[in-house]
Every structure is written in structure tokens, then in C-alpha cells.
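> Test case, fold it:
(one chain, ligands or ions: 2)
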Amino acid sequence: MPTSVMNTPTAPQGTSVAAAPAAPNTTSNAPNTPGAETRGRERQGSFGGSTRAKILKPFNTANIKILLLENVNETAVRALQDQGYQVETHAKALAEDVLIEKIKDVHCVGIRSKTKLTKKVLDAAEKLGVIGCFCIGTNQVDLEHAASKGIAVFNSPFSNSRSVAELVIAEIVLLSRQLGDRNNEMHQGIWSKVSANCYEIRGKTLGIIGYGHIGSQLSVLAESMGMRVLFHDVVPLMPLGTSKQVGSLDELLENSDFVTLHVPETEETKNMIGEHELYKMKQGSFLINASRGTIVQISALAKALRSGHIGGAAVDVFPKEPAANGKFFESELIGCPNTLLTPHIGGSTEEAQSMIGVEVSQALIKFINNGTSIGAVNFPEVDLRAIRDEENSIRLCYTHANVPGVLLRITNILADHNVDKQFSDSKGKIAYLMADISDVTPEQIQDIYRRVSETPTNIVTRVLY
Ligand SMILES: NC(=O)C1=CN([C@@H]2O[C@H](COP(=O)(O)OP(=O)(O)OC[C@H]3O[C@@H](n4cnc5c(N)ncnc54)[C@H](O)[C@@H]3O)[C@@H](O)[C@H]2O)C=CC1
Ligand SMILES: O=C(O)C(=O)COP(=O)(O)O
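Ligands and ions are numbered 1, 2, ... in the order given. Below you'll find the predicted structure:
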């Protein structure tokens, strides 16, 4: 059972904000930064008129350690520091052995698409309670294993969608005009003015595979450029504008001038585009991949480009990407005709990174301070309305195995207390219960904590004051 600042109270001396109980390995009992406290109150507002909402917190927030990797945006660093947390930042992804050492005693880790949080890495994380993916994709995290350890994972589901969609629009025009090749030639001092096989995109058909946040945004932009849009998705979706959902992947491939991929990396999407699919595509058509590198078979694509069957490709993501800027990149696609290669920059804009920083840091703060798991990708989504700002009121957050009989056990533990409100939900093998309890003495808090955390189904028990 992980014991950490985030989940283990010891000897409460009171329940007010300033006198929050010390965590087990706490050396200082300093109160929160006053700024954070005031801001928190403003955010939560008044509660039922005269009574304010209570600012919940996991003990002394200065004890919460956050590790941010891969140059997570400054908006997030500031927001987390404003809460009084200790924040360590790194510009790059860390090598696995370094990560295993660093992650040992942090309560929260923030990553982007490169850091692999595997079972091995997660098992080394003794105190980890929450992960923030400061991106859309969450395939780099072993989500199920994280959930089994009571670790909630949050991402930013759409803050960089527009940036990806705009990049793809640009690439459609660039491929259609062979701009990558012309640009390379000019940089080598070669003047080569050609119009053969260069086209307007007006009236051409764009085939979108995966009509989610990015695919649907792209659909609107492409139609405004005069394109016809077809899409393929595993679920029936409302077509935007005059776009049309087709019945199969093959139908999309056979009828599109441009094919663009916007699916997540899953068992089903790995190697989704190989030789068979490329040769289903029209002669001279174009392929764009800004989803995940494993979705397209690179050797097959290189072959189809060199043979001229595929007229050009724009590839932003690769099965193996260098760990950091300046590291060597190699791919069979280097040197292929009319092929645009970019270093995974689909979501790399100032706007997107700043919005992602705000969005994910807020989700992390809400989970750490309030127990709120709304928006978690691997965890039951649970929230309660604000707790009354009264001494002796607490919030119990209980992550447990999703098996019969648990709620009865918890009800028995809480039977003699005043449970103001309670909500619980489950996802797969785990469940999460939040309960606000009033009029409890410090001794009773200890007793509730001990009895709940000793239940056989316990994964993580936290008490917030
Ligand atoms: N290059 C970059 O920098 C970025 C890449 N991405 C990648 O783009 C992916 C898509 O992003 P969003 O549009 O936000 O995701 P989303 O979850 O909103 O949409 C994905 C769509 O794909 C569909 N889908 C899933 N499996 C499918 C299958 N086998 N066949 C057809 N459709 C399938 C889903 O039903 C859904 O509609 C992300 O998972 C991420 O990997 C996202 C942002 C930036
Ligand atoms: O949002 C995503 O899924 C991306 O692929 C963007 O990744 P990044 O934050 O640029 O490492």
C-alpha cells in the first residue's frame, strides 16, 4: 500500500486550513502560501449564501512533489507552484533508469508524448497518485496498471486539435504542389519550374480516418477550402457540413485524393495502413500521418512512394522518435519523393501548449486538493459539490477494488457519522468513492482513515480537510 503525503493522514491536530495535520514524513508544518489560499476561495465562491466553500487540501501542500518532464508549458509550472507544491522541471524526456530513480518519491508526474510510463516505471513510483499527460495521446502510459495502483491519469482532450488540423491543411496544399521538393531544390541552387502533377486542392476529396476532435475540425477547414470530405470511423458520427461517413476503410481509400489519419494508437490501429491499404489508394494520391507512428508501416509507405503509386506523404510521427532535440533521426522515408517529414510538431504551437498547460494543471490540482476525478481517462469520474467551510468536516476519497460488498463495509464504518453527501462510480476493476462527512473529531478522523484503509479492497484512501 503506498503511503504518501497525498494519502496518509497522521495524528490530526485540527481540521482548519492553517492547522492541517502533518504528513508522515513531513519536516515542516508551514501553512499554504496565502496567495494560493485566497485564489482557491475566489474560485470556489460562496457556499449557500453565508457559508463559504471549504478549501480542501492534502495536508501541507509544500510536501507535494511534482515532476514535470518534456518542457511542459510555463502556464502549468506557475499554476502548480502557486498551489505551494514543489515542482521540478526537465526540458527533455528522461532515460528509463533516471526516470525510475526520479519518480520514486513524487506524488504527481507530468509528461508529453515521449515519456513511457510502463508497468516497470509505475511500480517504482512509491508515492505516485496522479499523472498528467500534457497532450492528447495517452498511449505512452500503461493506463490499466496505473488504475490498478489507484493512479488517475488526465490529459488534454482537445487543446491542440486546431493546431494539428491547421498543419494538415497546410500539408495538403504543400503535397499537392510538391512544395517540399521545390524548396529542397532551390536550397541546392536548382531552378526547376514544373506544373506536371501539381494540382489545386479545390474539388479534390479528402478522406479522414478517425473523425474525432481533430478529424472533425479538419473536415470543416477542408470544406471551406473547397474540398469534398469523406470519413471513416468505428462509430457512427454526425457528419459536419456536407461531409459523408463511408461504410469501410477500403471505400475511403479507394475514393480519396488525400488520406489523413487521426486515430489513437490502439491494438486495432497498429499497422492499420500497410501495403494492402496503400495499393487500395488511388494512383498518385497522398497520405498524411499526424496521429501515431505505429499506425503506418513505414517500409510499405517508402516502397509505395518510390514506386510512384503514392504521389507524396507528410509524416509527423514515427514508430521510433529521438528522445530529444539534436538527437539523430533515421527513417526509410528520408529521400523519398515529395515527402514532408516533421519532428512530431502537430500540437506544437504557443497557443496549444499554453492552453494544455492550464487545462491539465487544473485537473491535477483538483484531483490532488479536492479528489475530483472528472476527465480522468483510466479512472471512474467522480466529483462532489463543494464542502462547507466548517471545522471538523472532511472529505474521504477511497479508491478500491470493484467487487461486491464494499459499499456496505464503508457504510458500516461511517454509520455513526453525519455523511453530508456521497458518490461512487466504477470503471473496470476499480471503483472510487467520495464522501463528505461533518462533525468529526480529530480522533474520529484517524479512526475512519484507519478502518477504511484497512479494508481488504483498499487501493488508496485519502482524507482531505
Ligand atoms: N502529431 C501530433 O502532435 C498530435 C497527434 N495526436 C494524435 O491524434 C490522435 C487523434 O486525436 P483526436 O482527434 O483528438 O482523438 P479523438 O479521440 O477525438 O478521435 C479519434 C477518433 O478515432 C476513432 N477511431 C478509433 N479507432 C478507430 C479505428 N480503428 N478506425 C477508425 N476510427 C477509429 C474514434 O472513434 C474517434 O472518433 C490522438 O490519439 C493522438 O495520438 C494528437 C494531437 C497532436
Ligand atoms: O497531443 C498529442 O497526443 C501529441 O502527439 C502531441 O505530443 P507532444 O506534446 O508534442 O509531445
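> residue with max distance from the center of the protein?
Farthest-out residue of the chain from its mean C-alpha position, per Cα atoms, centre = their mean: Trp191, at 45.3 Å.
> got the contact list for Ser219?
With contact taken as Cβ atoms under 8 Å, 6 or more residues apart in numbering, Ser219 is in contact with Leu206, Ile208, Tyr211, Val229, Phe231, Pro239, Leu240, Gly241, Ser243. C-beta coordinates here come from the backbone N, C-alpha and C atoms, glycine included.
> For the second one, what are phi and psi?
By that I understand Ile208. Backbone geometry at Ile208, expressed as degrees, to the nearest 10, gives phi -100, psi 120.
> and if you look at the fourth one?
As for Val229, its main-chain torsions (degrees, to the nearest 10) stand at phi -120, psi 130.
> Chain neighbours aside, what residue packs nearest to it?
Nearest residue to Val229 in three dimensions, chain neighbours excluded: Ser243, at 3.7 Å (Cβ to Cβ, 6 or more residues apart in numbering).
> from memory that neighbour sits against Phe231, does it?
Yes. The pair Ser243 / Phe231 is scored as a contact, 6.0 Å apart, by Cβ atoms under 8 Å.
> How is Ile100 assigned, secondary-structure-wise?
State at Ile100, reduced to three classes by DSSP: H, G, I helix; E, B strand; the rest coil: helix.
> what's the neighbour count on it?
When neighbours are defined as other Cβ atoms under 10 Å, Ile100 has 17 of them.
> correct me, but it touches Ala124?
Yes. If you go by Cβ under 8 Å, Ile100 and Ala124 touch, sitting 4.4 Å apart.
> Tell me the pLDDT of the residue sitting nearest the centre point of the chain.
Centroid-nearest residue in the chain, with Cα atoms, centre = their mean: Asn155, separated by 2.1 Å. If you check Asn155, the pLDDT there is 98.
> contacting residues around it?
Gly132, Cys133, Phe134, Cys135, Ile136, Gly137, Thr138, Val360, Val377.
> Show the low-confidence segments of the chain, by residue range.
Per-residue confidence for the chain (pLDDT under 70) gives these ranges: 1-52, 57-59.
> Could you rerun that using 90?
For the chain, the stretches with pLDDT under 90 are 1-62, 323-324, 386-392, 465.
> so where do the helices sit in it?
Using DSSP state H, the helices found in the chain span residues 34-44, 74-82, 96-103, 119-124, 143-148, 161-176, 179-187, 213-224, 249-255, 275-280, 298-307, 350-370, 406-414, 442-453.
> now the ones you listed as CSV including distance to Pro322?
Below are the helices of the chain laid out as CSV (distance: least, Cβ to Cβ, whole Å):
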stretch, distance to Pro322
helix 34-44, 38
helix 74-82, 24
helix 96-103, 15
helix 119-124, 20
helix 143-148, 25
helix 161-176, 20
helix 179-187, 20
helix 213-224, 24
helix 249-255, 31
helix 275-280, 26
helix 298-307, 15
helix 350-370, 20
helix 406-414, 46
helix 442-453, 44
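> quick one, which of those helices is nearest to Ser331?
With Cβ to Cβ as the criterion, Ser331 lies closest to helix 298-307 of those, at 6.4 Å.
> Show me which residues of the stretch 301-450 of the chain are close to ligand 2?
When proximity is defined as Cβ under 6 Å from any ligand atom, the stretch 301-450 of the chain approaches ligand 2 at His344, Gly347, Ser348.
> Specify which member of these is nearest to ligand 1.
Using Cβ to the nearest ligand atom, Gly347 is the member of these that lies nearest ligand 1, at 3.6 Å.
> The closest one contacts Ile136, correct?
Yes. Counting by Cβ under 8 Å, Gly347 touches Ile136, with 7.0 Å between them.
> which residues are common contacts for these two?
In contact with both Gly347 and Ile136: Asn160, using Cβ under 8 Å, 6+ apart.
> Ligand 1 versus Leu333, what's the distance?
With distances taken as Cβ to the nearest ligand atom, to the nearest Å, Leu333 is found 16 Å from ligand 1.
> I'd like the distance between that residue and Gln297.
Leu333 sits 11 Å away from Gln297, going by Cβ to Cβ, to the nearest Å.
> do Ala124 as well
From Ala124 across to Gln297, the span is 33 Å (Cβ to Cβ).
> In terms of neighbours, single out the busier of the two.
Remark: of Ala124 and Gln297, Gln297 carries more neighbours, 20 against 17, as counted by other Cβ under 10 Å.
> Now that that one has come up, it's in contact with Ile273, right?
Yes. Using Cβ under 8 Å, Gln297 makes contact with Ile273 at a distance of 6.7 Å.
> still on that earlier bit, contacts only, for the residue nearest to Val229.
Applying Cβ under 8 Å, 6+ apart, we find Ser243 in contact with Ile208, Ser219, Glu223, Val229, Leu230, Phe231.
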